[in-house]
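> okay, here's the prediction I keep looking at, along with the sequence it came from:
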Amino acid sequence: MAPTRTLLNGLLGAAALLLSVQPSVAAADRQTVDYHGLRLALPADWRVVDLDRDPGACLRLDLPTLYLGHAGTQSECTGRAVASRADTLHLEPLDGAPERADVPTVTVETATALPEAPHPSASNELRYALLRPGVMATVSYGAAPDAVRRVLSRARALDPSAPAPRPAAPAVAHGGSDHRGVQEAFKGEGFDACTAPTQKAMDTWRADSPFRAIGIYIGGRARACAQPQLTARWVERQAAAGWHLMPIWVGPQPWNSSSTGLSTDPSEADGQGREAAEGAVDAARSLGMAEGTVLYNDLEHYTDRATWDAPVVAYLTSWTQRLHELGFRSAAYVSVSSGVKALSDHYHQAPQAMPDVLWAARWNLSASVGDADMGLPAGTDQWAGPRRAHQFRGDHDATYGGVTINIDRSRVDVDPAALGPVGGVLPLS
């Protein structure tokens, strides 16, 4: 069976307990939680996770949850894409909050002063720097942010007469420098993880693991995990250390979901592809990635090819064309038994609109980008040359230098400079 990496709502994980702040039940349909001078009324079915007491907890985006405190290692994260996004809220002190480049941040005085209209977000995530309580609030949602924004906007100060704290300046990212080194030519093994590892983990794996490439989920409405480590500075440090970065966008998927689904109508899927490309470029630029960078679209496995092949091809070719217009290169992560077949069958109809790089998922433990392992016809010219990656093992724990990360493992053979100019941009050197 071809791999799929969807998180299931029934797998709750081990970090669903509040260990330092005890909620009290105020009514049958809600619970109250006090944090950092704020009192919040939550729906009764929400989890409450104390990250200070459980630093390995994953900030999952598919389970309704209140997360409290700065994120830790997120060592418990698995999965990559979610079939349904949930409402989540992450509260942490402003002092020490990361400078997230992948989420728009708005500064307001208090939770009751949220802007009436939420800031547009291609990844269904927003951040509010609340100055008076000194709290950074990150909101994640499914189809619309209204419900979780109401939870935040109705938070009350425990002591309204107390003087306002003097928090540090809000951690708002303004984009990084132009990191052209993030995608030098690379041939070898790489890995991807649901959330960007800590700097300590990256340094350890750079020294002790066989990997020199890493796939990083920079956004998209179906992204499974929050990315508190992912900043422009993080990207800069990995590029300087010699990592080849594979930025991944997790847009609408070939399944029926109001929050994460791809349209079955090819003309609508075409528009979704353009929208995904624009969101991915905004995220990549915020992280300091240069024009010409290859951006990967994660499109998960599907079984009903009669329904999904046409919209999938429309979506990924539109994604490619819009990226080219914006000066970036295109790649697609697709399963050998579905997306690869769809793209391969249509390759010669519009080769100029096909992704520049193909990343095939086939968990056969063969670290090769040959035609057979990629699911392509023998001797084909499709994605010939350094334009391929093969994810040959999925969803397993790997330990190097005493640091364990849940990863997927790939063989990568990609040279952006060999792909030729795009959008009037010269090849990377």
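Yep, it's here. Keep in mind that this is a model prediction, so the values were computed, not measured.
> show me the residue sitting in the middle of this protein in space.
Tyr217 (3.3 Å; C-alpha atoms, centre = their mean).
> sticking with that one, tell me its helix or strand.
strand 213-219 (DSSP states H and E).
> just Ala310 next, same as before
Following DSSP H and E, one finds Ala310 within helix 305-325.
> pLDDT weak spots in the protein?
Low-confidence segments of the chain (pLDDT under 70): 1-28, 161-181, 423-429.
> can you list the domain ranges for it.
6-157, 180-419 (automatic domain parsing).
> and the angle for the helix or strand following the strand holding Tyr217 with strand 213-219?
Sequence order places helix 232-241 as the next helix or strand after strand 213-219, per DSSP H and E. For helix 232-241 against strand 213-219, the angle by axes from the mean of the first three to the mean of the last three C-alpha atoms, to 10 degrees is 160 degrees.
> any idea how far the next helix or strand after helix 232-241 is from the chain center?
Going down the chain from helix 232-241, the next helix or strand is strand 244-249, by DSSP H and E. Distance of strand 244-249 from the chain centroid (C-alpha atoms, centre = their mean, to the nearest Å) equals 10 Å.
> in the lengthiest strand in the chain, what counts as buried?
As assigned by DSSP state E, the longest strand anywhere in the chain is strand 387-400. Burial within strand 387-400, assessed by neighbour count using 16 or more other C-beta atoms under 10 Å, is assigned to Arg387, Arg388, Ala389, His390, Gln391, Phe392, Arg393, Gly394, Asp395, Ala398, Tyr400. No exception for glycine: its C-beta is placed from N, CA and C like everyone else's.
> by contact count, what packs against that strand?
strand 186-192, helix 199-208, strand 357-361, helix 371-374, strand 403-414 (3 or more C-beta pairs under 8 Å, 6 or more residues apart in numbering; DSSP states H and E).
> tell me the angle the strand holding Tyr217 makes with strand 403-414.
Going by the same axes, to 10 degrees, strand 213-219 makes 100 degrees with strand 403-414.
> what residues does strand 213-219 touch?
80, 102, 122-123, 186, 188-196, 202, 223-225, 227, 230, 235, 238, 243-250, 279-280, 283-284, 287, 296, 298, 408, 410, 412 (C-beta atoms under 8 Å, 6 or more residues apart in numbering).
> hang on, the earlier thing: any buried residues in the helix holding Ala310, and which?
For helix 305-325, by 16+ other C-beta under 10 Å, it's 305, 308-324.
> relative to strand 244-249, how tilted is it?
120 degrees.
> who are the packing partners of helix 305-325?
Using 3+ C-beta pairs under 8 Å, 6+ apart: helix 305-325 touches helix 266-286, strand 294-298, strand 329-335, helix 339-346.
> next, the angle strand 329-335 makes with it.
Using the same axes, to 10 degrees: helix 305-325 against strand 329-335 is 160 degrees.
> tabulate the helices and strands packed on helix 305-325 (a markdown table), appending distance to Glu116 and mean neighbour count.
A markdown table is the format used below for those (distance: least, C-beta to C-beta, whole Å; neighbours: other C-beta atoms under 10 Å):
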| stretch | distance to Glu116 | mean neighbour count |
| --- | --- | --- |
| helix 266-286 | 23 | 21 |
| strand 294-298 | 33 | 26 |
| strand 329-335 | 37 | 27 |
| helix 339-346 | 40 | 21 |
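> can I get the ones you listed in a markdown table with distance to Thr380?
Conversion of those to a markdown table gives the following (distance: least, C-beta to C-beta, whole Å):
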| stretch | distance to Thr380 |
| --- | --- |
| helix 266-286 | 24 |
| strand 294-298 | 20 |
| strand 329-335 | 16 |
| helix 339-346 | 8 |
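> hmm, back to that, pick the most deeply packed of the helices and strands packed on strand 387-400.
strand 357-361 (a mean of 27; mean count of other C-beta atoms under 10 Å).
> for that strand, output the C-alpha coordinates as CSV.
Extracted in CSV, the C-alpha atoms of strand 357-361 (Å, rounded to 0.1, in the frame of the first residue of the first chain):
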residue,chain,number,x,y,z
VAL,A,357,11.4,18.3,-9.4
LEU,A,358,9.5,15.1,-8.6
TRP,A,359,9.6,13.7,-5.0
ALA,A,360,8.0,10.3,-5.1
ALA,A,361,6.8,8.5,-2.0
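> so which residues make contact with that strand?
So strand 357-361 is in contact with 2-3, 246, 294, 296, 301, 329-336, 340, 343, 373-376, 382-383, 387-391, 394, 410, 414, 419, going by C-beta under 8 Å, 6+ apart.
> how about Cys194, secondary structure?
coil (DSSP: H, G, I helix; E, B strand; the rest coil).
> hmm, it is touching Val82, no?
No - if you go by C-beta atoms under 8 Å, Cys194 and Val82 don't touch, sitting 10.3 Å apart.
> any shared contact partners between those two?
Shared contacts of Cys194 and Val82, defined by C-beta under 8 Å, 6+ apart, comprise Ala224.
> may I have the strands that pair with the longest strand of the chain, each with its orientation?
Its sheet considered, strand 387-400 pairs with strand 357-361 (parallel), strand 403-414 (antiparallel) by DSSP bridges.
> quick one: work out the angle between it and helix 199-208.
Using the same axes, to 10 degrees: strand 387-400 against helix 199-208 is 100 degrees.
> use 32 as the first number for this chain going forward.
New numbering, starting at 32: the last item is strand 418-431.
> could you give the angle of strand 418-431 to strand 217-223?
Using the same axes, to 10 degrees: strand 418-431 against strand 217-223 is 50 degrees.
> quick one: Arg116 is in a helix?
No - assessed by three-state DSSP, Arg116 does not belong to a helix; its assignment is coil.
> confirm for me that it is in contact with Gly173.
Yes - using C-beta under 8 Å, Arg116 makes contact with Gly173 at a distance of 4.1 Å.
> identify the contacts common to the two.
Counting by C-beta under 8 Å, 6+ apart, the shared contacts of Arg116 and Gly173 are Asn155, Ser290, Thr291.
> OK, contacts around the last one?
Thr291 sits next to Ala112, Val113, Ala114, Ser115, Arg116, Gly173, Arg252, Ala253, Pro283, Gln284 when contact means C-beta under 8 Å, 6+ apart.
> swap the cut-off to 7 Å and go again
Val113, Ala114, Ser115, Arg116, Arg252, Ala253, Pro283, Gln284 (C-beta atoms under 7 Å, 6 or more residues apart in numbering).
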